[in-house]
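K.L.:
Following is a predicted model, sequence given first.
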Amino acid sequence: MGILLETPSVPLQRCPDLEIRIDTPKGRGVFAAKNIPAKTIIDICPVLLLGMQENIDHIEHTSLFHYTYNWPNLDSKSEKKSAQAVIFGLGSMFNHKHDQNVVWVRDIDRLIITYRAARDILAGEELCISYGSHLTFKDADVPELPPPETEIEQLNHIQID
Ligand SMILES: C[S@@+](CC[C@H](N)C(=O)[O-])C[C@H]1O[C@@H](n2cnc3c(N)ncnc32)[C@H](O)[C@@H]1O
């Protein structure tokens, strides 16, 4: 009897109750078309790990740079370094929200990310992850404060009887 070799594989799964909206204050975004219960798998996405130098020489100069994730990696001296990775599937479409409703887990060895609902998500809500605190763009969720001059002008208009 021969040895049964199992083909290495990752079963894929995507929540069907989703839609892309194309004209939001954050550009395109992923929205719930129906209620989605907490812990539902939203998507399982394959990952392309970029070479450190490839990223510096090329990707950082393209719009793709705004879609990459940090990915733990080892350099040529086996020291831990943060590389960049391109995420295929919906992983590249989630916008940022400080109070995110989607969480994600890396499978480093198999180059996969799994996204799940962090809580119950209502139909019509946007599905967002957190990009952390160092954003490279103006967060559309944060209201614009009036410039100081405007505040002074406003105070000047307050009449005291
Ligand atoms: C990974 S892409 C997300 C998909 C993107 N909205 C699109 O249309 O392709 C990241 C980009 O989306 C935009 N974005 C994400 N979250 C945002 C937010 N909270 N406020 C404003 N823009 C946001 C920024 O332009 C950011 O560089």
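P.N.:
On my side now, so go ahead. Numbers count the residues shown, from 1 in each chain.
K.L.:
From now on I want contacts and neighbour counts done on CA atoms only, so please keep to that.
P.N.:
OK.
K.L.:
Now do the same contact list for C128.
P.N.:
When the contact criterion is Cα atoms under 8 Å, 6 or more residues apart in numbering, the partners of C128 are V30, F94, N95, H96, K97, Q100, N101, V102.
K.L.:
where's it relative to E60, distance?
P.N.:
Per Cα to Cα, to the nearest Å, C128 is found 24 Å from E60.
K.L.:
hang on, the earlier thing: buried subset of the contacts of C128?
P.N.:
When neighbours are counted using 16 or more other Cα atoms under 10 Å, the contacts of C128 contain these buried positions: V30, F94, N95, H96, K97, Q100, N101, V102.
K.L.:
Find the least confident helix or strand in this structure, judged by mean pLDDT.
P.N.:
Least confident helix or strand of the chain, by mean pLDDT, DSSP states H and E, is helix 148-156 with a mean of 67.
K.L.:
which residues does the closest residue to P37 other than its chain neighbours contact?
P.N.:
Excluding its sequence neighbours, the residue lying closest to P37 (Cα to Cα, 6 or more residues apart in numbering) is D120, at 4.5 Å. Taking Cα under 8 Å, 6+ apart, we find D120 in contact with N35, I36, P37, A38, K39.
K.L.:
if we go to 7 Å?
P.N.:
Taking Cα atoms under 7 Å, 6 or more residues apart in numbering, we find D120 in contact with I36, P37, A38.
K.L.:
cool, I56 as well?
P.N.:
No residues are in contact with I56 under the rule Cα under 7 Å, 6+ apart.
K.L.:
Can you give me the buried ones in the helix or strand hosting it?
P.N.:
Assigned by DSSP states H and E, I56 belongs to helix 52-57. Using 16+ other Cα under 10 Å as the test for burial, helix 52-57 gives M52, N55.
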